[in-house]
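**Q** after the sequence you'll find the predicted model.
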Amino acid sequence: MSRESVLVSADWVEQHFDDPAVVLVEVDEDTAAYDKNHIRGAVRLDWKADLQDPVRRDFVDPGQFEALLSARGIGNDDTVVLYGGNNNWFAAYAYWYFKLYGHRDVRLLDGGRKIWELESRELVTDAPQRAAKQYTAADPDLSIRAFRDEVVAAIGAKNLVDVRSPDEFAGRLLAPAHLPQEQSQRGGHIPTARNIPWSKAANDDGTFRSDDDLRSLYGDAGVDLSTDTIAYCRIGERSAHTWFVLHELLGVQNVKNYDGSWTEYGSLVGVPIAVGDEPGVA
Amino acid sequence: MTEGCAAPPGGVPLDGVDLSTQSVIQGVVTRGVDRPLAGAYVRLHDASGEFTAEVPTDEAGGFRFFAAPGRWTVRTLAPRAEPVDRVVVAQRGVVAEVEVTLPA
């Protein structure tokens, strides 16, 4: 795994505007930003409407994913380049999702929409017309997705990395500080989890830090990356960002994203919770 | 609210939010003294300097956070401008206003 095969620069995107093998995809929780403007040639994926089952709390199934990508004109052999707002949280989630369904060549635009805007690069309003393709999804790769029972069993046995902000980790905030603090679940974190906020892996402009910086970040926090690791946040998109760092940039293989994350764990009956700034004990 | 996690431009509206339970930090970013700046990125850092949240400004240059009581730093990034920091104290039940003026 190398950085070049999973991450592209804004310049790279501009150089590949007319490359028919490259599909640019903007991913956000709502597509108001895409509707306003987007990078030339980009199609959109709506994190909620397109990637979440409308009834159950779960992914869309392989058949739905196939129909979605086919309709958007994305083929199995295309190089898919994802970007979005919110420091690429939802783009990273979509990256993980594409990998779960076996897409071979998927990459992130380093810095996402933010660096594109901060560098005053061109944004357009026209949506591209892409002919439909026939997409085939693989069976879900559950080696990169953690479920609740596995998370409870990991307390004291595997690395748990809580990538939320320190105040969310401690239980002083119940959601990111751009959202009202009115949540149904309890505050705190999974006992023994280390708090390494996703934001420590990124520069202010949203680009990822160097591999050396990233290795030090987890090492200095006492995470032994030779042990299995589960990352979580609140709904699984910020932890997809950290999954990308560990699994794709640093090449650590035994890393899972727990997409149920705190909105599931903090609502479970009977599971242990730690509050405050310390990891807590198993 | 349990599903989403994204920050809409300007932040989440206060409509229907019980302000007595919230510690709101909000404000406006302008280029020069009076030109509201849409699309700036406003970042909230906690008292230890750790990043906590970020919202892009809306068409009126506005941004809003729902913080915890305490001391925070608001950092603004915008095209063709150096980052600008403003320190603000949040209190429960109070809306703390911050004005950020970038060079014209």
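**A** Nice, I can see it.

**Q** do the one helix or strand residue A:95 maps to and chain B meet?
**A** Element membership for residue A:95 (DSSP states H and E) is helix A:89-100. Yes. Counting by CB under 8 Å from any CB of the partner chain, chain B has neighbours in helix A:89-100: A:89-90. Glycine gets a C-beta too; all of them are placed from N, C-alpha and C.

**Q** report the mean confidence score over that helix.
**A** Regarding helix A:89-100, the rounded mean pLDDT is 97.

**Q** residue A:139 and chain B, how far apart?
**A** Using CB to the nearest CB, to the nearest Å, residue A:139 is found at 26 Å from chain B.

**Q** which residue is the nearest non-sequential neighbour of that residue?
**A** The shortest distance from residue A:139 to any non-neighbouring residue, by CB to CB, 6 or more residues apart in numbering or on different chains, is to residue A:62 (7.0 Å).

**Q** against chain B, how distant is the one you found?
**A** 22 Å.

**Q** strand partners (parallel or antiparallel) of the helix or strand in which residue A:108 is found?
**A** Secondary structure from DSSP H and E places residue A:108 in strand A:106-109. As defined by DSSP bridges, the strand partners of strand A:106-109 come to strand A:7-8 (parallel), strand A:79-83 (parallel).

**Q** for residue A:151, give me its contacts.
**A** Residue A:151 is in contact with A:160, A:190, A:230, A:232, A:258, A:260, A:265, counting by CB atoms under 8 Å, 6 or more residues apart in numbering or on different chains.

**Q** please tell me how far it sits from residue A:223.
**A** 16 Å (CB to CB, to the nearest Å).

**Q** then residue A:57?
**A** Distance from residue A:57 to residue A:223, by CB to CB: 28 Å.

**Q** who has more neighbours out of those two?
**A** Using other CB atoms under 10 Å in any protein chain shown as the criterion, residue A:57 and residue A:223 rank with residue A:223 on top: 18 against 13.

**Q** list the buried residues of the strand holding residue A:108.
**A** By 16 or more other CB atoms under 10 Å in any protein chain shown, the buried positions in strand A:106-109 come out as A:106-109.

**Q** among the residues you listed, which pair sits farthest apart?
**A** A:106 and A:109 (11.4 Å; CB to CB).

**Q** any common contacting residues for those two?
**A** With CB under 8 Å, 6+ apart, residue A:106 and residue A:109 have common neighbours A:81-82.

**Q** and the closest residue to residue A:117 other than its chain neighbours, how many neighbours?
**A** The shortest distance from residue A:117 to any non-neighbouring residue, by CB to CB, 6+ apart, is to residue B:39 (5.8 Å). A count of neighbours around residue B:39, defined by other CB under 10 Å, yields 21.

**Q** using CSV, list the CA coordinates for the next helix-or-strand element following the strand holding residue A:108.
**A** Once the chain leaves strand A:106-109, the next helix or strand it forms, by DSSP H and E, is helix A:112-118. Only the C-alpha atoms of helix A:112-118 are listed here, as CSV (Å, rounded to 0.1, in the frame of the first residue of the first chain):
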residue,chain,number,x,y,z
GLY,A,112,-11.4,17.3,0.0
ARG,A,113,-13.7,20.2,-0.8
LYS,A,114,-12.0,22.4,1.8
ILE,A,115,-8.6,22.6,0.2
TRP,A,116,-10.2,23.0,-3.2
GLU,A,117,-12.2,26.0,-1.9
LEU,A,118,-9.3,27.5,0.1
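
**Q** how about the helices of chain B, start to end?
**A** Counting by DSSP state H, one finds no helices in chain B.

**Q** which stretches of it have low pLDDT?
**A** Within chain B, the ranges that satisfy pLDDT under 70 run B:1-3.

**Q** spell out which parts of chain B neighbour chain A.
**A** Going by CB under 8 Å from any CB, the residues of chain B near chain A are B:1-9, B:11-12, B:17-18, B:21-22, B:39, B:41, B:43-44, B:46, B:48, B:50-56, B:64-68, B:75, B:77-80, B:83.

**Q** quick one: which of the buried residues of strand A:106-109 is nearest chain B?
**A** Nearest to chain B among those, counting by CB to the nearest CB, is residue A:109 at 16.1 Å.

**Q** my read: that closest one touches residue A:14, true?
**A** No. Shown here, residue A:109 and residue A:14 do not form a contact pair, counting by CB atoms under 8 Å, at 10.7 Å.

**Q** now do the residue nearest to residue A:58 when sequence neighbours are not counted, the pLDDT please.
**A** Nearest non-adjacent residue to residue A:58, counting by CB to CB, 6+ apart: residue A:52, 7.6 Å away. Looking at residue A:52, its pLDDT reads 95.
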